[in-house]
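K.L.:
based on what follows, work out the 3D shape:
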Amino acid sequence: MGYFSSWDDLMDSMVWITLLSTADERLTVNQGSGKFCMTTPVQFYVGDAMVGTMDPRIVLSENNMLVITAIPGGGC
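P.N.:
Residues are numbered from 1 along each chain as shown. Alright, predicted model coming up:
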């Protein structure tokens, strides 16, 4: 994961990858209280070799689509 210069860069990328993934690739779960959780597997490569997978958890506000939190794993 040397590509990312900071934790914030990594999580910003995870949010965008998850939001831009197709419905078939991502899992969306209603969390109640106007929130929902989204996750999609994100694979990391060095050259042609996959070196890891992360399943970020992105919690969004249902009514204004703001990111409430994003954490690196655990799925929804």
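K.L.:
Met38: neighbour count?
P.N.:
Using other CB atoms under 10 Å, Met38 has 20 neighbouring residues. All C-beta spots, glycine's among them, are computed from the backbone N, C-alpha and C.
K.L.:
hey, where'd the helices end up in the chain?
P.N.:
Using DSSP state H, the helices of the chain run over 7-20.
K.L.:
flag the shaky bits of it, pLDDT-wise.
P.N.:
Across the chain, the ranges flagged by pLDDT under 70 are 1-4.
K.L.:
same thing but at 50, please
P.N.:
Counting by pLDDT under 50, the chain has low-confidence residues at 1.
K.L.:
strands of the chain, start to end?
P.N.:
Per DSSP state E, the chain carries strands over the ranges 27-32, 35-39, 42-46, 49-54, 57-61, 67-71.
K.L.:
which of these sits closest to Asp8?
P.N.:
strand 67-71 (9.9 Å; CB to CB).
K.L.:
returning to what we had before: make CSV out of the strands of the chain and add distance to Leu10.
P.N.:
CSV is the format used below for the strands of the chain (distance: least, CB to CB, whole Å):
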stretch, distance to Leu10
strand 27-32, 20
strand 35-39, 15
strand 42-46, 10
strand 49-54, 9
strand 57-61, 13
strand 67-71, 10
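K.L.:
ok, Pro56 - how many residues close by?
P.N.:
Residues within reach of Pro56, counting by other CB under 10 Å, total 23.
K.L.:
what sits against it?
P.N.:
Going by CB atoms under 8 Å, 6 or more residues apart in numbering, Pro56 touches Met11, Met14, Val15, Ile17, Thr18, Thr39, Thr40, Val42, Ala70, Ile71, Pro72, Gly73.
K.L.:
pull out the buried members of the residues you listed.
P.N.:
Buried residues within the contacts of Pro56, counting neighbours by 16 or more other CB atoms under 10 Å: Met11, Met14, Val15, Ile17, Thr18, Thr39, Thr40, Val42, Ala70.
K.L.:
which of the strands of the chain sits closest to Ser5?
P.N.:
When these are compared (using CB to CB), the closest one is strand 42-46, at 15.5 Å.
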